[in-house]
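Engineer: Have a look at this fold, sequence not included:
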């Protein structure tokens, strides 16, 4: 479950710059739709996947600037996605923010050790999500 927010800030103001691309991998349909709609509303280009099976093709074709990743997914789970991303030098540079219901410290440590930059525990506020995304993208500049 994700709590709503009232952030009206747009992150993409210029018509000449292409929007920042975010790959969202979340199996819970209401959460996925809410995050996808909100991120598109504030100006990001979003590709959303309901499972991890197509993540490699999405990384190649969509070339995201950032990945939002749930850990508990059907098929390939979030930990396996993180591990595979570490095997490819281009993918290692893409910041991954885990958004998971798993609140145990061990889960958080494992995700960080596998390359995640941030770990947010559900329920999250959309304003908090946007702040973390902006913070991680600023580090890329």
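Structural biologist: Done, it's in. On a predicted model such as this, the values are computed, not experimentally measured, just so you know. Numbering: from 1, shown residues only.

Engineer: Pull the number of nearby residues for the closest residue to residue 70 other than its chain neighbours.
Structural biologist: Ranked by Cβ to Cβ, 6 or more residues apart in numbering and with sequence neighbours excluded, the top spatial neighbour of residue 70 is residue 26, at 4.6 Å. Every residue, glycine included, has its C-beta placed from N, CA and C. The local packing of residue 26 (other Cβ atoms under 10 Å) involves 25 other residues.

Engineer: what sits against residue 26?
Structural biologist: 32, 35, 48-50, 68-70, 99 (Cβ atoms under 8 Å, 6 or more residues apart in numbering).

Engineer: Okay, now the unreliable bits of the protein?
Structural biologist: For the chain, residues meeting the criterion pLDDT under 70 lie at 1-16.

Engineer: what ranges do the helices span in it?
Structural biologist: Here the chain has its helices, by DSSP state H, at 29-41, 55-62, 78-86, 89-92, 105-113, 126-140.

Engineer: Might one say that residue 55 is in contact with residue 76?
Structural biologist: Yes: here residue 55 lies in contact with residue 76, judged by Cβ atoms under 8 Å, at a distance of 7.1 Å.

Engineer: Who has more neighbours out of those two?
Structural biologist: Shown here are residue 55 and residue 76; by other Cβ under 10 Å, residue 55 has more neighbours (25 against 17).

Engineer: Not counting residues beside it along the chain, what's closest to the more buried one?
Structural biologist: Residue 55's closest residue in space is residue 81 (Cβ to Cβ, 6+ apart), at 5.4 Å.

Engineer: okay, among the contacts of residue 26, which ones form the most distant pair?
Structural biologist: Within the contacts of residue 26, two members stand farthest from each other by Cβ to Cβ: 50 and 99, at 14.4 Å.
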